[in-house]
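Asks: give the three-dimensional model of this entry:
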Amino acid sequence: MRLKKASITQRMYDICAFAVVRADVKRTLEIADGLVKGGLPCMEISFTNNDAADCIKAVKEKYGDQIIAGAGTVLDPETARIAILAGADFIISCNADEEVARMCNRYQIPYGPGCTTVTEAINGLTWGAAFIKAFPISNFYGPKLVKIFKTPTPFMPIMASGGISLDNINEWLESGVDFMGMGSLLTKGPSDDIAANAAKVRKAIEDYRASHQD
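Replies: Got it, this is the predicted structure:
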């Protein structure tokens, strides 16, 4: 038996990086095409767009388990349930909400609350979060923020979003980050360009992990 929440979280860790998408259905599918072709099949579809649920449904209908498609900017349990029923594989937010955590746990969906302080992060883990989104501080502190969190709590899975590029991806991996959300590099341009960039990100992650095996 596959444990849904655990298996999705493990796949996200294995892929490590994902696209943060704010687009309509057509464009979201184009981005998904590029990510799958580039071997980086993971995306967060933001609920800053009113048709986010439709985007998730369209991606999952086309690719099924070939891609991990989650929902971002989920501020409340009602939105979380809408996303989950549309097929979302994970839920991420810019805030930490206990009721969202409960909703995700009910459906065995990984939840990543947005946290700025260690207190918020510990609360998130207590509520059953699968990982912690260090937000918005990843834009200000950079890679060193991961060690700030992980020094007192080394067991804490950290996702960073913002300020991550091919130029500094090794710094983030060296810091101990577990997942990375990336914007324009994986969402701009034609599908083939996205595929090429996705392949570069995937190779950077694979090369780093290969050189740091125990």
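Asks: quick one, strands of the protein?
Replies: 17-21, 42-46, 68-72, 91-92, 111-112, 114-115, 132-134, 158-161, 179-182 (DSSP state E).
Asks: quick one: closest of those strands to Ile82.
Replies: strand 68-72 (8.5 Å; CB to CB). Quick note: C-beta positions are derived from backbone N, CA and C, even for glycine.
Asks: other SSEs contacting the closest one?
Replies: If you count contacts as 3 or more CB pairs under 8 Å, 6 or more residues apart in numbering; DSSP states H and E, strand 68-72 packs onto helix 4-15, strand 17-21, strand 42-46, helix 52-63, helix 77-86, strand 91-92.
Asks: buried residues, the first one. List them.
Replies: Think helix 4-15. Lys5, Ile8, Thr9, Arg11, Met12, Ile15 (16 or more other CB atoms under 10 Å).
Asks: quick one: that helix to chain centroid distance?
Replies: Mean-position distance between helix 4-15 and its chain equals 11 Å (CA atoms, centre = their mean, to the nearest Å).
Asks: any chance you could list what contacts that helix?
Replies: Defining contact as CB atoms under 8 Å, 6 or more residues apart in numbering, one finds that helix 4-15 is touched by 18, 40-42, 68, 89-90, 105, 108-110, 130-131, 157, 178-179, 202.
Asks: turn the buried residues of helix 4-15 into a markdown table, including distance to Lys62 and pLDDT.
Replies: A markdown table is the format used below for the buried residues of helix 4-15 (distance: CB to CB, whole Å; pLDDT from 0 to 100):
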| residue | distance to Lys62 | pLDDT |
| --- | --- | --- |
| Lys5 | 24 | 96 |
| Ile8 | 18 | 97 |
| Thr9 | 23 | 96 |
| Arg11 | 18 | 96 |
| Met12 | 20 | 97 |
| Ile15 | 18 | 98 |
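Asks: with the residues you listed in mind, which one is nearest to Thr187?
Replies: Relative to Thr187, the closest of the buried residues of helix 4-15 is Ile15; by CB to CB it sits at 15.9 Å.
Asks: may I ask which helix or strand of the protein has the lowest mean pLDDT?
Replies: One helix or strand of the chain scores below all others by mean pLDDT, DSSP states H and E: helix 138-141, with a mean of 65.
Asks: send the alpha carbons of stretch 83-93 over as CSV?
Replies: Provided in CSV are the C-alpha atoms of stretch 83-93 (Å, rounded to 0.1, in the frame of the first residue of the first chain):
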residue,chain,number,x,y,z
ALA,A,83,-8.2,22.5,-4.8
ILE,A,84,-8.1,18.9,-3.4
LEU,A,85,-11.3,18.0,-5.2
ALA,A,86,-9.9,19.4,-8.4
GLY,A,87,-7.0,17.0,-8.0
ALA,A,88,-4.3,19.0,-6.2
ASP,A,89,-1.4,16.8,-5.0
PHE,A,90,-0.3,19.3,-2.4
ILE,A,91,-1.3,22.5,-0.8
ILE,A,92,1.0,25.5,-0.1
SER,A,93,0.3,28.9,1.4
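Asks: buried sites along it?
Replies: Going by neighbour count (16+ other CB under 10 Å), the buried part of stretch 83-93 is Ala83, Ile84, Ala86, Gly87, Ala88, Asp89, Phe90, Ile91, Ile92, Ser93.
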